[in-house]
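>>> Let's see this in three dimensions:
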Amino acid sequence: MYRYGFIGMGNMGKAILKGILKEEKAENIIFSSEKSENMKEISKKTGIKEAEGTDSAVRNRAVASSSEILVLAVKPQVLPKVCTEIKDFLTEGMTVVSLAAGVSLERLAELLGGDVKLARVMPNTPASIGEGMTAICFGQNGNFSEEDKESIREMFRACGEIAEVSEKQLDVIGVTAGSSPAFTYMYIDALADAGVKYGIKREEAQKIAAKAVMGAAAMVLQTGEHPEILKNKVCSPGGTTIEGVEALYEWGLKNAVMKACTACMEKNMRLSGK
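Take a look at the predicted model:
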């Protein structure tokens, strides 16, 4: 029996795997993936066991039947198919963790049936370097013990910070933590573009921009001050920064970010049928 089993090994699955491998031995992990050719490469790089089988359904069943904690790292539209394939192969009392956005615990219970413990998590890709932010919601079925819950917490603590939340809050955190790295990368890229425009080499401009964003985020976390207060401390009267801030107000930075988050939430609602 393996400690962890992964069904699906896309970007998010790989990110979580990298985080877990900082604490867990590779020999305690098994996985399956839709594309068998990718599995060999992943297994070679990480040392984790690739499930055997002629097709993905067979491989998925092999993972489901041999794991203590099963991570479903597949897209929401693929999840029903995978659950149909594995539901008769789950061991009694096992824990199933779903990464699928918009698929509720109630729906998961319908898809899987049986007496399994269910949890939903919303991680983000910085988990791969131990800097992730993962929201966790535990289901009421399956008689979760505190020890069971702690196993899931430990799994994602290896990837960074965790927050235990209600299911209603989960999708919101999925946007503010899960989707926001993409928005932040766009911001860093824009800062780097500005550096290049004014004569800095691309590699150096990118490093400077990323470090500046990292430092600003650390200031929010370490000082506990409101971002608006920290922003005001950067803006000297009649200085250059306030000119830039005025331009951001004019061009609608805050509104654009809010609109992006709203778009993500609306997509989640469509996936969940709300």
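>>> for the stretch 1-150 of the chain, which spans come out with low pLDDT?
Across the stretch 1-150 of the chain, the ranges flagged by pLDDT under 70 are 141-142.
>>> by contact count, what packs against the longest helix along the chain?
Longest helix in the chain by number of residues (criterion: DSSP state H): helix 202-223. Applying 3 or more C-beta pairs under 8 Å, 6 or more residues apart in numbering; DSSP states H and E, one finds that helix 202-223 makes contact with helix 180-197, helix 227-234. (Glycine included, C-beta is placed from N, CA and C.)
>>> buried ones in the first one?
Think helix 180-197. For helix 180-197, the neighbour count (16 or more other C-beta atoms under 10 Å) marks 180, 188, 191-192, 195 as buried.
>>> same check, this time on the last one
Of the residues in helix 227-234, none are scored as buried under the neighbour-count criterion (16+ other C-beta under 10 Å).
>>> got the CA coordinates for the next helix or strand after that helix in PDB?
Downstream of helix 227-234, the first helix or strand assigned by DSSP states H and E is helix 240-251. This file holds the C-alpha atoms of helix 240-251, laid out as PDB (Å, rounded to 0.1, in the frame of the first residue of the first chain):
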ATOM      1  CA  THR A 240       7.500  60.000  -8.900                       C
ATOM      2  CA  THR A 241       5.600  57.100  -7.300                       C
ATOM      3  CA  ILE A 242       2.400  59.100  -6.700                       C
ATOM      4  CA  GLU A 243       2.500  60.000 -10.400                       C
ATOM      5  CA  GLY A 244       2.500  56.300 -11.200                       C
ATOM      6  CA  VAL A 245      -0.200  55.500  -8.700                       C
ATOM      7  CA  GLU A 246      -2.400  58.200 -10.300                       C
ATOM      8  CA  ALA A 247      -1.900  56.500 -13.600                       C
ATOM      9  CA  LEU A 248      -2.900  53.100 -12.200                       C
ATOM     10  CA  TYR A 249      -6.100  54.700 -10.800                       C
ATOM     11  CA  GLU A 250      -6.800  56.300 -14.200                       C
ATOM     12  CA  TRP A 251      -6.200  53.000 -16.100                       C
END
